[in-house]
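S.K.: coords please:
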Amino acid sequence: MTSYFSQSALNALEATATTASTYLDACDNGARFVRVDAAYYKSCGAVLIGIFSLVDARKTFPLLIEQSTAAREVAESVQIGRRIELSRLGFYPELTLLMNRVAA
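M.R.: Numbers count the residues shown, from 1 in each chain. Okay, here's the model as predicted:
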């Protein structure tokens, strides 16, 4: 996957992803020093999904993926979603048509 972002944009995305994953990791590890806010937790997950859908997280943010369990799990989920989407489009075109019709 080729990145079409400038280095400053990638730096901003990385900072945002790091902040979101830090909160998720803190909550997932017992949140002794963090106030758990369900809406914020959900938003952090959505932010990571959004960022990792735009860039290949393993190539673009390798240190973050190495250090953060939440970032690693979200990156894996996005990658699995891409594989499912490709398989569905390539191997099950009738299912794709049906799902598009139902979603409309």
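S.K.: how much space between the residue of the chain positioned farthest from its centre and Leu86?
M.R.: What lies farthest from the middle of the chain is Glu94; by C-alpha atoms, centre = their mean that is 28.1 Å. Going from Glu94 to Leu86 by C-beta to C-beta, to the nearest Å gives 16 Å. Every C-beta, even on glycine, is put in place using the N, C-alpha and C of the backbone.
S.K.: returning to that earlier point: which elements pack onto the helix or strand hosting the residue farthest from the centre of the chain?
M.R.: When elements are assigned from DSSP states H and E, Glu94 belongs to helix 93-103. On a contact count with 3 or more C-beta pairs under 8 Å, 6 or more residues apart in numbering; DSSP states H and E, helix 93-103 meets helix 69-91.
S.K.: so the helix it packs on versus helix 93-103, what angle?
M.R.: Counting by axes from the mean of the first three to the mean of the last three C-alpha atoms, to 10 degrees, helix 69-91 points 110 degrees away from the direction of helix 93-103.
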